[in-house]
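In: Output the structure for:
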Amino acid sequence: MVMIRRPLWNARIRESWKKAPIVWLCGVRRTGKTTLARDLAAESVHYVNCDLPASAQMLRDPELFYRECRREIVVFDEIHRLEDPSRVLKIGADAFPRLKILATGSSTLAATHKFQDALTGRKRTVHLTPVAFDELEAFGAATLKKRLLYGGLPQPLLAETSDAGFYREWLDSFFSRDIQNLFAFRSPEKFNAFFEYLLRQSGGLFEANKAASGLGISRPTLATHLRALEITQAVTILRPFSGGGQKELTKMPKVYAFDTGFVCFVRGWDALRQEDCGVLWEHLVLEFLQARRPDADIRYWRDKSGRELDFVLPCGRGRVDALECKWNPQDFDPAALKAFRALHPAGVNYVISPVAGPAHVRRSAGLEFTVCDPATWAAGQIRPGTP
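Out: The predicted structure is shown next:
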């Protein structure tokens with residue numbers, strides 16, 4: 001496969017090394033973690049594939065390994081395959097401060113019992129997402145609609161045609177290589193049925209009782225599986241935003257799958273209708289927010305009348321920015337935004353759309369909102385009041 005450079009992530013890793021000696025590069029399988037690790041300047045990198053038995057043997061004495069290392073960057077790919085990965089990382093960080101260490105894996109450090117030492121103060125985490133909206137140009141012929149239908153994992157995105165076998169193999173191996181290894185679940189059938197249920201329902205309200213009843217899975221098992229999917233970043237759980245008023249939802253979450261290609265695969269979509277694009281665009285915007293604002297507290301808002309905003313971002317001091325995702329900005333209805341601002345007046349309003357042309361401000365129903373694409377929003381290139 002052609003190596004596509006992803007400079008945002010390369011820069012984020014290097015920036016993280018200024019704050020801590022270890023960078024934990026996480027993300028679901030096939031997002032390009034290994035490719036990114038190998039792209040860090042090959043002449044400076046000592047690359048270790050922890051999937052290989054020889055690597056485990058080589059690292060039985062971590063101090064000796066590091067002492068003989070002549071390069072400034074050490075990459076441990078799939079480090080959770082090692083018997084005691086936290087010991088390897090801790091010795092490197094404490095005894096060899098000249099080194100920069102990159103460890104990759106499909107989950108967070110807390111996901112496995114192997115990481116008894118959480119490496120507090122020694123690490124920073126970089127969550128590699130599927131290919132984002134503003135990375136598409138680097139992927140050549142990957143149009144926006146292709147990105148929605150095929151998803152953002154590099155292999156299917158670069159392929160000329162859709163390969164259903166890729167998605168099926170990924171789903172099957174996800175349990176055996178990641179979930180079972182990390183969490184020791186015993187029933188792949190129940191786990192896979194629940195994961196595919198979430199893919200079909202992705203972007204909707206998650207009703208635990210309804211899901212448990214429909215799948216024949218106990219509530220405790222359902223909760224454990226959901227937590228595993230969240231830890232391994234296969235789903236994102238959005239909690240509702242509320243100011244404590246009785247008119248707002250306060251507890252029921254929404255669950256989004258990690259990638260639009262898998263949503264389309266499980267739903268049986270081999271072509272996209274206009275209404276499909278709107279649903280998938282909402283997913284793509286969420287992935288963009290996670291890539292560009294990794295520390296943001298992303299919520300959704302909904303009142304008991306069913307009026308809903310896709311995403312809201314609490315900004316402190318009572319300010320809450322509102323983001324509504326629309327494939328066609330002409331379809332925006334301000335009713336939900338008006339209800340939200342009646343309760344939470346401070347903040348900036350955005351309609352995020354893949355519109356061509358410059359961002360602009362509109363006014364409707366006494367509200368002011370900015371229409372722009374995700375990249376313009378992230379760059380802060382327009383503010384309300386801009387002509």
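In: how much space between the residue nearest to residue 288 when sequence neighbours are not counted and residue 286?
Out: Take residue 288 and drop its neighbours on the chain: the residue closest to it by Cβ to Cβ, 6 or more residues apart in numbering is residue 374, 4.4 Å away. For glycine as for every other residue, the C-beta is placed from the backbone atoms N, C-alpha and C. Separation of residue 374 from residue 286 (Cβ to Cβ, to the nearest Å): 10 Å.
In: what comes up buried for the helix or strand where residue 12 lies?
Out: Applying DSSP states H and E as the criterion places residue 12 in helix 7-17. Using 16 or more other Cβ atoms under 10 Å as the test for burial, helix 7-17 gives 9, 12, 13, 16, 17.
In: and it, how far out from the chain's middle?
Out: 17 Å (Cα atoms, centre = their mean, to the nearest Å).
In: Can you name the next helix or strand after it?
Out: With DSSP H and E, the next secondary element past helix 7-17 is strand 22-26.
In: the inter-axis angle of that following strand versus helix 7-17?
Out: 150 degrees (axes from the mean of the first three to the mean of the last three Cα atoms, to 10 degrees).
In: Show me the strands in the protein, by range?
Out: 22-26, 45-49, 73-77, 100-105, 123-127, 204-205, 235-238, 254-257, 299-302, 308-316, 319-325, 349-352, 360-364, 367-372 (DSSP state E).
In: got the angle for the last one vs strand 360-364?
Out: Going back to what we said before, that points to strand 367-372. Going by the same axes, to 10 degrees, strand 367-372 makes 150 degrees with strand 360-364.
In: quick check: mean pLDDT across the helix holding residue 12?
Out: Mean per-residue pLDDT for helix 7-17: 94.
In: what packs against it?
Out: Helices and strands touching helix 7-17, by 3 or more Cβ pairs under 8 Å, 6 or more residues apart in numbering; DSSP states H and E, are strand 22-26, helix 33-38, strand 123-127.
In: which of those is buried the deepest?
Out: strand 22-26 (a mean of 24; mean count of other Cβ atoms under 10 Å).
In: Quickly run through the sheet partners of it, with directions.
Out: Strand pairing for strand 22-26, determined by DSSP bridges: strand 100-105 (parallel), strand 123-127 (parallel).
In: What's the mean pLDDT across the longest one?
Out: It stands for strand 100-105. Mean predicted confidence for strand 100-105 is 93.
In: Name the surrounding residues that touch that strand.
Out: The contact list for strand 100-105, computed with Cβ atoms under 8 Å, 6 or more residues apart in numbering, reads 13, 17, 21-26, 33-34, 37, 40, 72-80, 85, 89, 92-93.
In: rerun that using 6 Å as the cut-off
Out: Contacts with strand 100-105, where a contact means Cβ atoms under 6 Å, 6 or more residues apart in numbering, come from 17, 21-26, 33, 37, 73-77, 79-80, 92.
In: How about the last one?
Out: Outside strand 123-127, the residues that touch it by Cβ under 6 Å, 6+ apart are 12, 13, 16, 19, 20, 22, 23, 24, 25, 26, 27, 294.
In: Quickly check these for the two that are furthest apart.
Out: Using Cβ to Cβ, the pair of the contacts of strand 123-127 lying farthest apart is 19 and 27, separated by 19.7 Å.
In: circling back: with distance to residue 134 as extra columns, can I get the strands of the chain in CSV?
Out: Putting the strands of the chain into CSV (distance: least, Cβ to Cβ, whole Å) gives the following:
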stretch, distance to residue 134
strand 22-26, 20
strand 45-49, 27
strand 73-77, 26
strand 100-105, 23
strand 123-127, 17
strand 204-205, 27
strand 235-238, 19
strand 254-257, 19
strand 299-302, 23
strand 308-316, 17
strand 319-325, 16
strand 349-352, 13
strand 360-364, 19
strand 367-372, 12
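In: Which of the ones you listed sits closest to residue 177?
Out: Counting by Cβ to Cβ, and looking across all of those, nearest comes strand 100-105 at 11.1 Å.
In: worst average pLDDT in the helices and strands packed on helix 7-17?
Out: Among the helices and strands packed on helix 7-17, helix 33-38 carries the lowest mean pLDDT, a mean of 90.
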